[in-house]
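Student: can't give you the sequence, but here's the structure:
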């Protein structure tokens, strides 16, 4: 029967509401008469006639106030206000009509009638709403909202009107809110979360703390980690304010919340020094670091931004995104999407000269350690010679500032990628001594969250597939930083260099990757499967260190470190070569790359002051060539 009524067309439901109000108001008048008029019947015709005239006016007023447009299950203050206004108006109309038709001393009748009408017409609607809401909530997932502030209340309201989640309890640190109810939902003490989860049969926790500091969010996540239910959060305050996301668009917990490191406000003077009203060029503009550099640079309002990228799709993607930003924020910045490779010096020089580039951020590089190990020649050509050619092009085009994006893997490298980046640093240091046209500096930092190849999205995908989560080694640690913070610090560091400087970003505390994997498993509502918990959900497997990978990353080669004007940026004084020495190494290296002499490349990298710690190479082509030579020699006829 209920399903039949709920399935009726809207106009029939409205007709039923009108008929119900007629019945409620009539019954209310009859009830009021019985309760207040004991011995008189002579006024009944006047009362009935007055009510008959007032009733259509009351229903018309209900209609004008929108009472019959309100959906019962979402009925709110406006609809109840319409009921109150209509009944009060009806009472005044009855008083006027009673006076006209000579019905006297009926104030108590009208008062009791108004009370009964309000209770019946308004109260029945509230009861119907409660019944429908409870019926609708029966199939919803029961959730706990951590945070009873403005964002938490908005989230609860959105979820109550939705079809997926049913908020059953709030948690808040504010003791003045605890033991109260908000929107009919009780507010509890975070210290009692375990019992509240069990009592209210909660199956998911939603964080409504968009403006909380990262350290506070980490504290909250630490307290929730052992609960066997998933934890999600609402978007950050910036996403809510600019309208890019709604408050009920739930997200998995961000990795930066797990790390808990607060970002430092950028220094405006350093951000703008090499960008504002200048022509800026970013190589590798479509990569994870390069694209974020472009976003940050755009907000500093350069005269023009040259996007230099080899991959057509990546270039198209970042150009479309930045064009939309320029249009949306009405920026006067020219975008130049240029296809090209850093391995072609003439192409870069012509681009820098044509657009009169002032500042270059060199982010183009091969950075995936195992892939460079399998492709040593290409890795060295791109990372070393690509940087050299870009630097020489910058000098020839009279570029003012050239900033190299380096890596912590360049410090005492155990892989070719790290060694190639350290050699690229040495090239720029030597060029800084050779000339004074272009100011060169390097910025060295560790892993960035969300970059291509990052472990975080890999772990999340492995957990969603049911595991196992693969970690290379149980003791491996890494430094982490968000891409926006890294890009901001790179820009600021580039403004401080005097020539040949190596800047090192403060990456905070190192993170144990195995612990990170376990925390992600727990916060997705699952349990790690191990010897202690054989019935767990997700297993963590250790696959062994990959070619060239080391357990601990470092940011500094020596102890000669000085603080800069930015608290998160340090400057390192490290060994460097003269240009004569460097040029000799580059010419040898070029010869070995052209002849595909992989072992000689490795030997030369050992001889340079890179502190390269390396044993046997794993270049796939070189190993295949050796194997084919051995195979052929085995098939040659042997002398008797």
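Tutor: Looks like it came in fine. Being a predicted model, the structure only gives us computed values, none of them experimental.

Student: Assign a three-state SS to residue 235, would you?
Tutor: On the three-state scheme (DSSP: H, G, I helix; E, B strand; the rest coil), residue 235 is labelled coil.

Student: per-residue confidence for it?
Tutor: Looking at residue 235, its pLDDT is 72.

Student: Please apply the same query to residue 469.
Tutor: For residue 469, pLDDT reads 89.

Student: ok, now residue 139?
Tutor: pLDDT for residue 139: 71.

Student: And for residue 39?
Tutor: 59.

Student: One more: residue 587?
Tutor: For residue 587, pLDDT reads 96.

Student: How about the backbone phi and psi for residue 359?
Tutor: phi -130, psi 130 (degrees, to the nearest 10).

Student: so how far is residue 300 from it?
Tutor: As defined by C-beta to C-beta, to the nearest Å, residue 359 lies at a distance of 11 Å from residue 300. Where you see a C-beta, it was placed from the backbone N, CA and C, and this is true even at glycine.

Student: shared neighbours of those two, which are they?
Tutor: Residues within reach of residue 359 and of residue 300 at once, by C-beta atoms under 8 Å, 6 or more residues apart in numbering, are residue 275.

Student: Looking at those two, which one has more neighbours?
Tutor: It is residue 359, of residue 359 and residue 300, that has more neighbours when counted by other C-beta atoms under 10 Å, with 24 against 20.

Student: Would you mind measuring from residue 234 to residue 484?
Tutor: Residue 234 sits 20 Å away from residue 484, taking C-beta to C-beta as the criterion.

Student: Mind checking which of these two has more residues around it?
Tutor: Set residue 234 next to residue 484 and count neighbours by other C-beta under 10 Å: residue 234 wins out with 26 against 16.

Student: Where do the helices of the stretch 51-200 of the chain begin and end?
Tutor: Applying DSSP state H, counting those that start in this stretch to the stretch 51-200 of the chain gives helices spanning 77-100, 107-117, 123-137, 150-160, 193-199.

Student: how distant is the first one from the center of its chain?
Tutor: Its chain's C-alpha centre and that of helix 77-100 lie 52 Å apart, by C-alpha atoms, centre = their mean, to the nearest Å.

Student: Repeat that for stretch 612-624.
Tutor: Here stretch 612-624 shows a centroid-to-chain-centroid distance of 38 Å under the convention C-alpha atoms, centre = their mean.

Student: pLDDT on that stretch, on average?
Tutor: Mean predicted confidence for stretch 612-624 is 83.

Student: List the buried residues of it.
Tutor: 612, 614, 617-619, 622 (16 or more other C-beta atoms under 10 Å).

Student: ok, now stretch 182-190?
Tutor: Result for stretch 182-190 [16+ other C-beta under 10 Å]: buried residues 182, 185, 187-188.

Student: Can you get me a residue count around residue 120?
Tutor: So residue 120, with other C-beta under 10 Å, has 20 neighbours.

Student: List the residues that contact it.
Tutor: By C-beta under 8 Å, 6+ apart, the contact list for residue 120 reads 24-25, 27-28.

Student: okay, these in TSV with secondary structure, distance to residue 508 and pLDDT next?
Tutor: Shown next, in TSV, are the contacts of residue 120 (DSSP: H, G, I helix; E, B strand; the rest coil; distance: C-beta to C-beta, whole Å; pLDDT from 0 to 100):
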residue	secondary structure	distance to residue 508	pLDDT
24	helix	66	79
25	helix	69	82
27	helix	71	86
28	helix	69	82
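
Student: which one of these is nearest residue 493?
Tutor: Taking C-beta to C-beta as the measure, residue 493 lies nearest residue 24 of the contacts of residue 120, at 73.6 Å.

Student: do you know how far the closest one is from residue 62?
Tutor: 11 Å.

Student: tell me the average confidence for stretch 160-172?
Tutor: 84.

Student: So for that stretch, what gets flagged as buried?
Tutor: Buried-residue list, stretch 160-172, by 16+ other C-beta under 10 Å: 160, 165-172.

Student: and residue 448, that's in a strand?
Tutor: Yes: counting by three-state DSSP, residue 448 is part of a strand.

Student: can you offset everything so residue one is 52?
Tutor: Got it, first residue is 52 now, which makes that one residue 499.

Student: And it, how close does it get to residue 531?
Tutor: For residue 499 relative to residue 531 (C-beta to C-beta), the value is 7 Å.

Student: So which of the two has more stuff around it?
Tutor: Using other C-beta under 10 Å as the criterion, residue 499 and residue 531 rank with residue 531 on top: 25 against 21.

Student: I figured residue 228 hits residue 239, correct?
Tutor: No: in this structure, residue 228 is not within contact of residue 239 by C-beta atoms under 8 Å, at 9.6 Å.

Student: shared neighbours of the two, anything?
Tutor: Shared contacts of residue 228 and residue 239, counting by C-beta under 8 Å, 6+ apart, come down to residue 221.

Student: Can you name the helix or strand that residue 402 falls in?
Tutor: helix 396-405 (DSSP states H and E).

Student: Rounded mean pLDDT for that helix, please.
Tutor: Averaged across helix 396-405, the pLDDT comes to 97.

Student: Going C-terminal from that helix, what's the next secondary structure element?
Tutor: strand 410-413.

Student: Can you name every helix or strand that that next one contacts?
Tutor: strand 330-334, helix 339-350, helix 437-447, strand 452-456, helix 534-545 (3 or more C-beta pairs under 8 Å, 6 or more residues apart in numbering; DSSP states H and E).

Student: can you list contacts of the last one?
Tutor: Defining contact as C-beta under 8 Å, 6+ apart, one finds that helix 534-545 is touched by 314, 317-318, 321-322, 325-326, 339-340, 343-344, 346-348, 351, 410, 412, 452, 454, 456, 492, 494, 496, 499-502, 554, 556, 615, 617, 619-620.

Student: Buried only: go through those for me.
Tutor: Using 16+ other C-beta under 10 Å as the burial test, the contacts of helix 534-545 include 317-318, 321-322, 325-326, 339-340, 343-344, 347-348, 351, 410, 412, 452, 454, 456, 492, 494, 496, 499-500, 502, 554, 556, 615, 617, 619-620 as buried.

Student: Low-confidence regions, the stretch 502-651 of the chain specifically.
Tutor: 502-505, 599, 601, 603-611 (pLDDT under 70).

Student: can you give me the strands in it?
Tutor: For the stretch 502-651 of the chain, strands defined by DSSP state E, counting those that start in this stretch occupy the ranges 520-522, 528-529, 531-533, 552-556, 562-563, 579-580, 589-593, 612-614, 620-623.

Student: cool, the stretch 202-351 of the chain as well?
Tutor: Taking DSSP E, counting those that start in this stretch as the criterion, the stretch 202-351 of the chain contains strands spanning 216-222, 232-233, 236-239, 255-258, 282-284, 302-303, 330-334.

Student: Now do residue 485, the pLDDT please.
Tutor: Looking at residue 485, its pLDDT reads 94.

Student: so what's it up against?
Tutor: When contacts are counted by C-beta under 8 Å, 6+ apart, residue 485 is found next to residue 630.

Student: need the least confident one among the strands of the stretch 202-351 of the chain, by mean pLDDT.
Tutor: strand 302-303 (a mean of 72).

Student: Direction included, what does it pair up with?
Tutor: Taking DSSP bridges as the criterion, strand 302-303 forms sheet pairs with strand 282-284 (antiparallel).

Student: Tell me, how many residues neighbour the nearest residue to residue 172 once chain neighbours are set aside?
Tutor: Among residues not flanking residue 172 along the chain, residue 75 sits closest, at 4.6 Å (C-beta to C-beta, 6 or more residues apart in numbering). Close neighbours of residue 75, defined as other C-beta under 10 Å, add up to 22.

Student: I'd say residue 75 and residue 164 touch.
Tutor: No: using C-beta under 8 Å, residue 75 makes no contact with residue 164, being 11.2 Å away.

Student: bridging residues for the closest residue to residue 255 other than its chain neighbours?
Tutor: Nearest non-adjacent residue to residue 255, counting by C-beta to C-beta, 6+ apart: residue 194, 4.6 Å away. Per DSSP bridges, the residues bridged to residue 194 are residue 218, residue 255.
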